[in-house]
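A.B. asks: make a model of this:
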Amino acid sequence: MSSPLRRRAALVAGHLAGEATRRLGRGGGTALPGLVAGSLAPDLVENLASLPGHGLVTVTGTNGKTTTTHLLAEIARAAGMRPLTNRSGSNLERGLVTAYVDAAGADGAVSGAEDALGVLEVDEAVLPTVFVRLKPRAAVFLNLFRDQLDRYGEIDSVADGWARAIESAQPPPTLVLNADDPSVALLAERATGRVITFGIDDTTVALKAAEQASDARFCICGHRFTHDHIFVSHVGHWRCTACGRSRPTPDVAATRVHLDADGSDIEVRAGDEIATLRVPTAGLYSVTNVVAAIAAGLALDVPLATSVAAVSAAGPAFGRQERFAIEGRQVRVWLAKNPAGLNEIARALTAADRDLYLLAILNDGIQDGKDVSWIYDADIEHLAGRIAALTCSGARAEELALRFAIAGVQGVGGVEATTVTPHLHAALNDAIWRVPEGGTLDVVATYTAMIEVRGMLAERAGVAAYWEQAR
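C.D. replies: Numbering: from 1, shown residues only. Sure thing, here's the model as predicted:
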């Protein structure tokens, strides 16, 4: 174990590394501070686990981690706790340590730790290596989709890692599980502590036909799942006719959902209580994130009314449907990283009663996934006939433009449909120029592209960088 003096020195060194990164204009230092500090004191994760007076909650899954973590942090704040969180979405071990560095400040000391609640987004593949060390009070599992096969492998191997981590955790955490995803819901069989489930009961928002991006097809007994209703990919109301396993009745459920282009009006049931609220971000997946955060609040004994008020007032998370006002236009940023997520974005976009102006950016960096063939598994054909102008950019701009062409995306109203501009700065200018004044540009980007374009947008809109905004 590192000595207290060594840990303090490591935190100070991490803070200095982050400041240097920011001064050099290389972003907010989401990973380097943790890398530096962790190399000097390798047990900082264990120390972080014991720091918050109210314990620690982990949030993991393929999609929705950053938004759910953001919402849960707002719930914690509304309940009188001070969230200690990795709000930028840096979720590898170095990102967790960076959250510790940020909480510690310039002198390496952490003030107000007794009032803190750790709310940490954790990468789905990293979770098994840190779960036991973090000793979470509660653990939220959102979903499991095929994502970056060159890095993660198949979803069965990820689910097995989660199950082994759950079985090894002492004391056992409260598990907050998505009842609609069988890969997640069946983790309850490995639980030795309390389990709280969440899901969507309103079947009017189910898909009329199954998507091609269906990832969890087989029950753990080996037989194929049957779905009575599907919300996205394999997520929905499921059952196995061979062994009898089926979707559990959620403890927290969206019982009524009305989707529109900018958000959703929903009714939530938690036990015997019912509340209504406005979800301020679009898409059915946003509803799932809200219900997951409310369920996590229940695991922390936060009253339903407090959680509902907090999530209703929360703005979008970093790079997840954030809006920027630029030159008389609105620019909205969406993160797309796998077929299921891109399908949900397409579904949300087509809910708008207007022509769409789109900047689509595809990179193939390590954080994006080197294999970009996943774009062919997404059902972007739903966007055909809806896009007035499309600009494709990024390292794989030409392949992305080809995918849209195969999907039948053509201009409407006599507007030339597609331009291919790999250089992002020029592409952003081109895309904004194409939008009529007062209109909206939707930017759909993979992870590294989102980080880059968000920085450009924040600068042009006069918005402070996220690390300079109030925590």
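A.B. asks: what about this structure, any weak spots by pLDDT?
C.D. replies: 1, 22, 24-29, 147-153, 210-215, 410-417, 465-471 (pLDDT under 70).
A.B. asks: which ones are touching the most centrally placed residue in it?
C.D. replies: Residue closest to the mean C-alpha point of the chain, counted by Cα atoms, centre = their mean, is residue 64 at 2.7 Å. With contact set as Cβ atoms under 8 Å, 6 or more residues apart in numbering, residue 64 has these partners: 142, 143, 285, 288, 289, 292. C-beta here means a position set from N, CA and C on the backbone, and glycine is covered the same way.
A.B. asks: count the residues that sit near the fifth one.
C.D. replies: For residue 289, the neighbour count with other Cβ atoms under 10 Å is 29.
A.B. asks: same question, the second one
C.D. replies: By other Cβ under 10 Å, 28 other residues sit near residue 143.
A.B. asks: pretty sure it sits against residue 178.
C.D. replies: Yes: look at residue 143 against residue 178 with Cβ atoms under 8 Å: they come within range, at 5.7 Å.
A.B. asks: now the common contact residues for the two.
C.D. replies: Common contacts of residue 143 and residue 178, defined by Cβ under 8 Å, 6+ apart, comprise 61, 184, 235, 288.
A.B. asks: any idea how far residue 300 is from the residue nearest to the centre of the chain?
C.D. replies: In this view, residue 64 and residue 300 are 19 Å apart by Cβ to Cβ, to the nearest Å.
A.B. asks: with residue 348 instead?
C.D. replies: To residue 300, residue 348 is 29 Å away according to Cβ to Cβ.
A.B. asks: was I right to think residue 340 contacts residue 142?
C.D. replies: No: applying Cβ under 8 Å, one finds residue 340 not in contact with residue 142, separated by 11.6 Å.
A.B. asks: who touches both of these two?
C.D. replies: Contacts common to residue 340 and residue 142, judged by Cβ under 8 Å, 6+ apart, are 62, 63.
A.B. asks: so what does the closest residue to residue 217 other than its chain neighbours look like in phi/psi?
C.D. replies: Closest residue in space to residue 217, ignoring its immediate chain neighbours: residue 224 at 5.8 Å, by Cβ to Cβ, 6 or more residues apart in numbering. Here is the backbone geometry of residue 224 (degrees, to the nearest 10): phi -70, psi 140.
A.B. asks: how about residue 99: what's its closest non-neighbour residue?
C.D. replies: Closest residue in space to residue 99, ignoring its immediate chain neighbours: residue 86 at 4.1 Å, by Cβ to Cβ, 6+ apart.
A.B. asks: who touches stretch 361-373?
C.D. replies: With contact meaning Cβ under 8 Å, 6+ apart, stretch 361-373 is reached by 147-151, 337, 375, 392-397, 399-400, 424, 427, 443-450, 453.
A.B. asks: ok, 6 Å please
C.D. replies: Defining contact as Cβ atoms under 6 Å, 6 or more residues apart in numbering, one finds that stretch 361-373 is touched by 148, 150, 393, 394, 395, 396, 400, 445, 446, 447, 448, 449.
A.B. asks: check contacts around the residue nearest to residue 99.
C.D. replies: Residue 86 makes contacts with 95, 99, 120, 121, as judged by Cβ under 6 Å, 6+ apart.
A.B. asks: and it, how far from residue 389?
C.D. replies: Residue 86 is 36 Å from residue 389, by Cβ to Cβ.
A.B. asks: for residue 80, which non-adjacent residue is closest in space?
C.D. replies: The nearest residue in space to residue 80 (Cβ to Cβ, 6+ apart) is residue 115, at 7.7 Å.
A.B. asks: how about residue 132?
C.D. replies: Closest to residue 132 by Cβ to Cβ, 6+ apart is residue 168, at 5.2 Å.
A.B. asks: burial count for the one you found?
C.D. replies: 11.
A.B. asks: isn't it right next to residue 133, touching?
C.D. replies: No: between residue 168 and residue 133 there is no contact, the gap being 10.5 Å when judged by Cβ atoms under 6 Å.
A.B. asks: what does the helix or strand hosting residue 128 rub up against?
C.D. replies: Element membership of residue 128, judged by DSSP states H and E, is helix 127-134. Identification of contacts with helix 127-134 by Cβ under 6 Å, 6+ apart yields 45, 46, 49, 56, 60, 93, 161, 165, 168, 169.
A.B. asks: return a ChimeraX selection command for the buried portion of those residues.
C.D. replies: Applying 16 or more other Cβ atoms under 10 Å to the contacts of helix 127-134, the buried members can be selected in ChimeraX as follows:
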select :45,46,49,56,60,93,161,165,169
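A.B. asks: would you reformat the contacts of helix 127-134 as JSON lines and include distance to residue 316 and secondary structure?
C.D. replies: Putting the contacts of helix 127-134 into JSON lines (distance: Cβ to Cβ, whole Å; DSSP: H, G, I helix; E, B strand; the rest coil) gives the following:
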{"residue": "45", "distance to residue 316": "29", "secondary structure": "helix"}
{"residue": "46", "distance to residue 316": "33", "secondary structure": "helix"}
{"residue": "49", "distance to residue 316": "29", "secondary structure": "helix"}
{"residue": "56", "distance to residue 316": "24", "secondary structure": "strand"}
{"residue": "60", "distance to residue 316": "20", "secondary structure": "strand"}
{"residue": "93", "distance to residue 316": "26", "secondary structure": "helix"}
{"residue": "161", "distance to residue 316": "30", "secondary structure": "helix"}
{"residue": "165", "distance to residue 316": "30", "secondary structure": "helix"}
{"residue": "168", "distance to residue 316": "35", "secondary structure": "helix"}
{"residue": "169", "distance to residue 316": "31", "secondary structure": "coil"}
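A.B. asks: and of the contacts of helix 127-134, the nearest to residue 267?
C.D. replies: Nearest to residue 267 among these: residue 60, at 27.3 Å, using Cβ to Cβ.
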